[in-house]
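I'll drop the sequence and a predicted model, then ask my questions.
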Amino acid sequence: EMLPSGPHWMSQIIHTLHSTKLPIILYWCNPLECISTILKHPFFHDQMDFTPCKVYSTVKKVCHVYMEWMTGDDAWNMQSVLPQGATLLGTILSSDKTNISTLTGDCIMHPLLISLANIHMNT
C-alpha cells in the first residue's frame, strides 16, 4: 500500500525455572530498524535537527536558551568528538508495565518504546 513498511516483529519463548499459566513470549523488533523507520517516515520530514546549535536570547550571547535537545551543551559536546561527517542521534528508551485485558485473558506486558531526541518537541 501507500504506507511505509515498519520493522519486522520477531518472537522467542522464554523458558523459566518457575511454572507459569501461559508461556512467556518475548516479542521484539531490531532497534536499528526502528530508528531507520523513524528517520524515513514522511511525518518527520523537516521535523528533526541533525546539527547541534547554540541559541541565545540576545546578540551579546549572555543568556543561553535551551529549547530542544540539540540546543543543549551535552549534544554540542558529544558532536564535537564525533568524526567529520558523523551526526548525533539521541535515542530515547522508555518502558512501563501495561495491563492488557481485552481478548488476552488479563495479560501483562512491559513494552519498550523507542524514539529520537532529534525530533522537534512540538511534532
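On my side now, so go ahead.

Return the list of helices and strands in contact with the lowest-mean-pLDDT helix or strand in the chain.
Here the helix or strand of the chain ranked lowest by mean pLDDT, DSSP states H and E is strand 107-109, holding a mean of 80. Counting contacts by 3 or more CB pairs under 8 Å, 6 or more residues apart in numbering; DSSP states H and E, strand 107-109 packs against strand 98-100. Heads up, the C-betas are built off the backbone N, CA and C, glycines and all.

List the buried residues of the strand it packs on.
When burial is assessed from 16 or more other CB atoms under 10 Å, strand 98-100 yields no buried residues.

do the same with stretch 25-44
Under the neighbour-count criterion of 16+ other CB under 10 Å, stretch 25-44 has 34, 35, 37, 38 buried.

Stretch 83-92 too?
Buried-residue list, stretch 83-92, by 16+ other CB under 10 Å: 88, 90.

Determine how far the last residue of that stretch lies from the first.
By CA to CA, to the nearest Å, the extent of stretch 83-92 from end to end equals 22 Å.

which other residues reach it?
For stretch 83-92, contacts defined as CB atoms under 8 Å, 6 or more residues apart in numbering pick out 31, 35, 50-52, 69-70, 75, 78-79, 82, 113-118.

roughly how far out does stretch 82-101 sit from the chain middle?
Relative to its parent chain, stretch 82-101 has a centroid offset of 3 Å by CA atoms, centre = their mean, to the nearest Å.

That stretch: end-to-end distance?
Criterion CA to CA; first-to-last residue distance in stretch 82-101 is 46 Å.

and stretch 30-43, what's its mean pLDDT?
Averaged over stretch 30-43, pLDDT sits at 93.

now could you export just the CA positions of that stretch as CSV?
This file holds the C-alpha atoms of stretch 30-43, laid out as CSV (Å, rounded to 0.1, in the frame of the first residue of the first chain):
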residue,chain,number,x,y,z
ASN,A,30,15.5,-4.8,15.7
PRO,A,31,16.2,-1.4,17.3
LEU,A,32,18.3,-0.2,14.3
GLU,A,33,15.3,-1.0,12.1
CYS,A,34,13.1,1.0,14.4
ILE,A,35,15.3,4.0,14.3
SER,A,36,15.7,3.7,10.5
THR,A,37,11.9,3.6,10.2
ILE,A,38,11.6,6.8,12.3
LEU,A,39,14.2,8.5,10.1
LYS,A,40,12.5,7.6,6.9
HIS,A,41,8.9,8.3,8.0
PRO,A,42,7.4,11.2,6.0
PHE,A,43,5.7,12.6,9.1
